[in-house]
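In: Here is my input, please return the structure:
(chains A and B)
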2 protein chains.
Amino acid sequence: MGSPLLGVNQLLAQRNRAAFARSGALVLNLMSSPGSGKTTILERTIEQLAGRVRLAVIEGDLYTDQDARRIEGKGAAVVQINTQGACHLDADMVWEAWQQLAERQPQVLFIENVGNLVCPAEFDLGEAARVAVMSVTEGNDKPTKYPLLFRQASVVLLNKVDLLGYTDFSLERFRDDVGRINPRALVFELSARTGEGLAPWCQWLEEQVLARSEEDELHGRAGP
Amino acid sequence: MGSPLLGVNQLLAQRNRAAFARSGALVLNLMSSPGSGKTTILERTIEQLAGRVRLAVIEGDLYTDQDARRIEGKGAAVVQINTQGACHLDADMVWEAWQQLAERQPQVLFIENVGNLVCPAEFDLGEAARVAVMSVTEGNDKPTKYPLLFRQASVVLLNKVDLLGYTDFSLERFRDDVGRINPRALVFELSARTGEGLAPWCQWLEEQVLARSEEDELHGRAGP
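Out: The predicted structure is shown next:
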């Protein structure tokens, strides 16, 4: 992954960003370890916002479409990208997927990146914001060991808080570490499995959509 | 990560493999997601085998030496490699680290790779065997989503079995999936946190060491 490749990616990410801005979609790039629960969080989020927010999902995975089928089962528009072994999505892959989703005029587009705390953080996809997901069971050391990911995240989702009592995870240390690495990050603590803490995250999403549509009216942009 | 780079790595891995064979050390390359518990497993393994097996550890991490300090605290010889953002160890990094460990004449050398299910699987480090670690809390889909890692592993460690009762993880499905992807893999189910299931894994390690030293005597190789 030399800098020329990253340079080309940056140009293509700007093309994506312009297209997303024209469409009015809020685009969020979700990054995490494998198994932190990104797909389950998306499933629950789609359920919660059904009928209120038009959602679409781009699913990144090496080879399978398991996650896309799970999302489809919840009724959201979804496109699967298989990276064929590459450890991250790039802007061009996302552009291709967007061609199939644009006509659905999503208000929020989630890009679920390949499960990986390293490579995805280096590739701009044209997203409006990055969402770092980690789970209680991964241990307290993740924010300090993968600072790039957490520094770039506008939102941090701490998942699997239902397992807090069965692990040595310290919420206090987590909040301290994230606060030091990225003081501006919005942190939501939740359990996609039990639904605990899901409401504030969904409410935040809905507020972002509302703010965008008000802005659109203000600027006379053609809403859907 | 083009093929020329992998080609060079392969040559350097063969140099490592020859050096490891001369030393008599059993070298195991541990790969997993971030947070699956590799370091905790190593801490417990070092405790269990203290005074019986000479262990050394090469710790791979992006930037920090947190894991190396944990291992050092347990009394094993350890060298930290910082990849400065790269998502895997390569054979040359391991060669450099080995120069500092060879004189300790370890019987088992653990190489704890960068937490990542994709990149490390592509790089031979000269190890005798690969150990895939995954934890119950990462969910059942990991073996089928990251088949390369599981196909190449001689040993699969399923960690955090103490949390089985609090998740939807199916042991039966896990055993089926691993058995289909890699029927020859040895599977150990354990909890590094509670110590459950640790003994069979440590016993297997000890048997490997014993088998090697008997082989050395047979071939008149200068043991330590």
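
In: Can you tell me how far A:Asp124 is from B:Met134?
Out: Distance, A:Asp124 to B:Met134, using CB to CB, to the nearest Å: 30 Å. C-beta here means a position set from N, CA and C on the backbone, and glycine is covered the same way.

In: Low-confidence bits of chain A, can you list those?
Out: A:1-3, A:220-224 (pLDDT under 70).

In: Around chain B, pick out the residues from it.
Out: Contacts of chain A with chain B, taken as CB under 8 Å from any CB of the partner chain, map to A:1, A:33-37, A:61-64, A:66, A:85-87, A:114-119, A:122, A:134-135, A:137-139, A:141-142, A:144-148, A:160, A:162-163, A:166-168, A:193.

In: Now, those residues that are in helices?
Out: Counting by DSSP state H, the residues of chain A next to chain B place A:Gln66, A:Lys142, A:Thr144, A:Lys145, A:Pro147, A:Leu148 in helices.

In: you'd agree the second one is up against B:Ser36?
Out: The reference is to A:Lys142. No: counting by CB atoms under 8 Å, B:Ser36 is not a contact partner of A:Lys142; they are 11.6 Å apart.

In: between these two, who's got more neighbours?
Out: Neighbours were counted for A:Lys142 and for B:Ser36 using other CB atoms under 10 Å in any protein chain shown; B:Ser36 has more, 32 against 24.

In: measure that one to B:His219 for me?
Out: Here B:Ser36 is placed at a distance of 37 Å from B:His219 (CB to CB).

In: Closest one of the ones in helices among the residues of chain A next to chain B to B:Asp92?
Out: Distance ranking of these against B:Asp92, using CB to CB, places A:Lys145 first at 22.6 Å.

In: who's in contact with that closest one?
Out: Contact analysis of A:Lys145 by CB atoms under 8 Å, 6 or more residues apart in numbering or on different chains lists A:Leu117, B:Pro34, B:Asp61, B:Leu62, B:Tyr63, B:Thr64, B:Gln66, B:Gly115.

In: can I get these in TSV with neighbour count?
Out: Listed next are the contacts of A:Lys145 as TSV, based on neighbours: other CB atoms under 10 Å in any protein chain shown:
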residue	neighbour count
A:Leu117	28
B:Pro34	26
B:Asp61	23
B:Leu62	19
B:Tyr63	14
B:Thr64	16
B:Gln66	14
B:Gly115	31
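
In: Can you add distance to A:Gly7 and give those residues back as TSV?
Out: Below are these laid out as TSV (distance: CB to CB, whole Å):
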residue	distance to A:Gly7
A:Leu117	23
B:Pro34	28
B:Asp61	28
B:Leu62	22
B:Tyr63	24
B:Thr64	29
B:Gln66	33
B:Gly115	28
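
In: which pair in those residues spans the largest distance?
Out: Using CB to CB, the contacts of A:Lys145 span at most 14.4 Å, a distance reached by A:Leu117 and B:Gln66.

In: Give the helix, strand or coil label for A:Val187.
Out: Here A:Val187 is recorded as strand under DSSP: H, G, I helix; E, B strand; the rest coil.

In: what's the neighbour count on it?
Out: Neighbour count of A:Val187, defined by other CB under 10 Å: 15.

In: Next, find the distance separating it from A:Leu30.
Out: Distance, A:Val187 to A:Leu30, using CB to CB: 15 Å.

In: State the helix or strand in which the residue nearest to the spatial centre of chain A lies.
Out: Geometric centre of chain A, nearest residue: A:Leu30, 2.3 Å, by CA atoms, centre = their mean. Per DSSP states H and E, A:Leu30 falls inside strand A:26-32.

In: ok, residues contacting the following helix or strand past that strand?
Out: Next helix or strand after strand A:26-32 toward the C-terminus (DSSP H and E): helix A:38-49. For helix A:38-49, contacts defined as CB under 8 Å, 6+ apart pick out A:30, A:32, A:55, A:57, A:59, A:67, A:70-71, A:73-76, A:108, A:110, A:112, A:115, A:133, A:157, A:159, A:190, A:192-193, A:195, A:198-199, A:201-202, A:205-206.
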